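Visitor: Give the three-dimensional model of this entry:
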Amino acid sequence: MIPHGVPLRIVGDVHGDSHGFAAAVATDRFIVQLGDLVDDGMDTPGVLHIMFRLIDEGRGIFLLGNHDFKLARALRGDAVQRGPALATTLTSLDTATASRALHEITRAPAWIATAKAMFVHGGFHPAMLTSQPPPFPAGRPGKLLARALYGQTTGRTTGAGKPERLLAWIETIPSGMTVYCGHDQRSTNGRPFTLNNPAGGSAIFLDTGAGKGGHLSWIDISLRSPVVSLRDARSDSSDD
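Guide: Predicted coordinates for the structure are as follows:
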């Protein structure tokens, strides 16, 4: 999963931005990518091949994001709604890349939990602390997988036709724990966005619009001590 005691680079939603992803992985840190490798940007195949190389070299892992989930379902022949982004992605993949993508996506974890940090694409639920991520489902995702992929939703849609999302899940993060997630582009200044709860838990949102007119962000952390040490995407500082 994540090698013990190594410095990490946590990378937000890539969405086909191969240039940004190549810059993000140009490090000796272990890469934890938070999901949504695919769609929207100009070079989903390039992004996938970078991720495949990291996996083959033992230098990185990615979490299951909702766009990756939908791509894998389409690749295995499920009936899914093929919007413009997914349709473009499907036509851009050659047979070998599509086959490898299906293999890697269907075995990607939906979340990874450590003593003080949780890595997940869409949103946190306390049950993730005591539950292993489920296998890739044959049908609709269950409750915990849905939270991991889509965050917390109301069941309604916004005026833009997107699911209406809630952030009440942040209040359930335990004291001293940081949840690193993507999915929601909450930042207004192009930097990772942090929300804290009264109990002392935190959520850091790393989606800053890569592949959709923004850029790719990442944070460098160390899990070698009980306190997680944060570094911004463009920082050259070393671990504490």
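
Visitor: burial count for D94?
Guide: Here the count is done by other CB atoms under 10 Å, and D94 has 8 residues near it. Using the backbone N, CA and C atoms, a C-beta is placed for each residue, glycine as well.

Visitor: My guess is it contacts H49. True?
Guide: No: assessed by CB atoms under 8 Å, D94 is found out of contact with H49, at 10.7 Å.

Visitor: Would you map the helices across the chain?
Guide: Using DSSP state H, the helices of the chain run over residues 18-24, 44-56, 66-75, 84-92, 95-105, 143-150.

Visitor: Of the ones you listed, which is nearest M1?
Guide: Of all these, helix 44-56 sits nearest to M1, with 12.0 Å by CB to CB.

Visitor: Let's test this: mean pLDDT of the closest one, rounded?
Guide: Summarised as a single mean, pLDDT over helix 44-56 is 97.

Visitor: what's that helix packed up against?
Guide: helix 18-24, strand 60-62, helix 84-92, helix 95-105 (3 or more CB pairs under 8 Å, 6 or more residues apart in numbering; DSSP states H and E).

Visitor: which secondary structure elements does the second one contact?
Guide: Contact analysis of strand 60-62 by 3+ CB pairs under 8 Å, 6+ apart lists strand 30-33, helix 44-56 as its packing neighbours.

Visitor: Which residue comes closest to P134 once chain neighbours are left out?
Guide: Leaving aside its sequence neighbours, P134 sits nearest to L145 (CB to CB, 6 or more residues apart in numbering; 5.4 Å).

Visitor: what's the distance between the one you found and T172?
Guide: Applying CB to CB, to the nearest Å, the value for L145 to T172 is 17 Å.

Visitor: Same question for R59.
Guide: Separation of R59 from T172 (CB to CB): 32 Å.

Visitor: cool, and T194?
Guide: 17 Å.

Visitor: phi, psi of the residue nearest the centre of the chain?
Guide: Centroid-nearest residue in the chain: L34, 1.9 Å away (criterion: CA atoms, centre = their mean). Torsion angles at L34 (phi, psi; degrees, to the nearest 10) stand at phi -90, psi 10.

Visitor: Tell me how far it lies from T88.
Guide: When CB to CB is the yardstick, L34 and T88 sit 22 Å from each other.

Visitor: Below-threshold pLDDT in the chain: ranges please.
Guide: Along the chain, the parts satisfying pLDDT under 70 run over 158-161, 224-240.

Visitor: Identify the residues contacting the closest residue to M118 other than its chain neighbours.
Guide: The shortest distance from M118 to any non-neighbouring residue, by CB to CB, 6+ apart, is to V179 (4.5 Å). Listed by CB atoms under 8 Å, 6 or more residues apart in numbering, the contact set of V179 reads A117, M118, F119, V120, F124, I170, I173, G201, S202, A203, I204.

Visitor: Could you tell me which of those are located in strands?
Guide: Mapping the contacts of V179 onto strands (DSSP state E) picks out A117, M118, F119, V120, S202, A203, I204.
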